[in-house]
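**Q** okay, sequence plus prediction incoming.
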Amino acid sequence: MTNITLTASFYRLMQEKGLTEKTMLLIADDGGGKYSLQGGACSIGAKFTLIVLDAPDPDYAVSLTNAQGLGLFSSEYDLLFLEDGLTLDFRGHQIRLKDNAHAFDDGVRIASGQAVLQAFSQGLTVAGASC
């Protein structure tokens, strides 16, 4: 079990977006996972996305325990890039991810898992290509 801190501003954003009752995945957006929107070698371990699902995905079974009880999960692979002190914050109109060793990404995206899989089935990626 991995702990994550969700700041009050991040949790408030999730409430405003109606996502507190959804299952969400924190993924490394590097082109390697089934929900990865973009990536490749140029972004490995640097870009992250929150994927919104209607139900848990068994491929992402690592629970990210948080004080708010948000249904947040990841995978062993995605967690390879993260260290203790994992925190999601919302400041300056951006979702920010950091841990004790890194400030990873000040532009964490939120995407619908269903929409991502549908786009992939049509051969689309977020930028039309990867690096």
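**A** Sure thing, it's come through.

**Q** going by C-alpha atoms from here, please, whenever you check contacts or count neighbours.
**A** Noted.

**Q** neighbouring contacts of stretch 80-93?
**A** 3-10, 13, 28, 45, 95-101 (CA atoms under 8 Å, 6 or more residues apart in numbering).

**Q** now the buried members of those.
**A** 4-7, 10, 13, 28, 45, 95-99 (16 or more other CA atoms under 10 Å).

**Q** any weak-confidence spans in this protein?
**A** Applying pLDDT under 70 to the chain picks out residues 1, 30-32, 37-46, 104-106, 123-131.

**Q** so where do the strands sit in the chain?
**A** 2-3, 5-6, 23-28, 48-53, 62-65, 71-74, 87-91, 94-98, 103-105, 109-112 (DSSP state E).

**Q** partner strands of the second one, parallel or antiparallel?
**A** In this case it means strand 5-6. strand 87-91 (parallel) (DSSP bridges).

**Q** what residues sit buried inside the strand it pairs with?
**A** Buried residues in strand 87-91 (16+ other CA under 10 Å): 87-90.

**Q** can you check what angle separates that strand from strand 94-98?
**A** Counting by axes from the mean of the first three to the mean of the last three CA atoms, to 10 degrees, strand 87-91 lies at 150 degrees to strand 94-98.

**Q** how far does strand 87-91 sit from its chain's centre?
**A** 12 Å (CA atoms, centre = their mean, to the nearest Å).

**Q** one more: stretch 71-78?
**A** Taking mean C-alpha positions (CA atoms, centre = their mean), stretch 71-78 and its chain are 8 Å apart.

**Q** measure it end to end?
**A** Length of stretch 71-78, first residue to last, CA to CA, to the nearest Å: 17 Å.

**Q** ok, and what's touching it?
**A** 20-28, 59-65.

**Q** run the last query once more with 7 Å
**A** Judged by CA atoms under 7 Å, 6 or more residues apart in numbering, the contacts made with stretch 71-78 from elsewhere in the structure are 22-28, 59-64.

**Q** what's the answer for stretch 61-70, then?
**A** Contacts of stretch 61-70 (CA under 7 Å, 6+ apart): 1-6, 20, 72-76.

**Q** farthest-apart pair in these, please.
**A** For the contacts of stretch 61-70, with distances taken as CA to CA, the pair at the greatest spread is 20 and 76 (23.3 Å).
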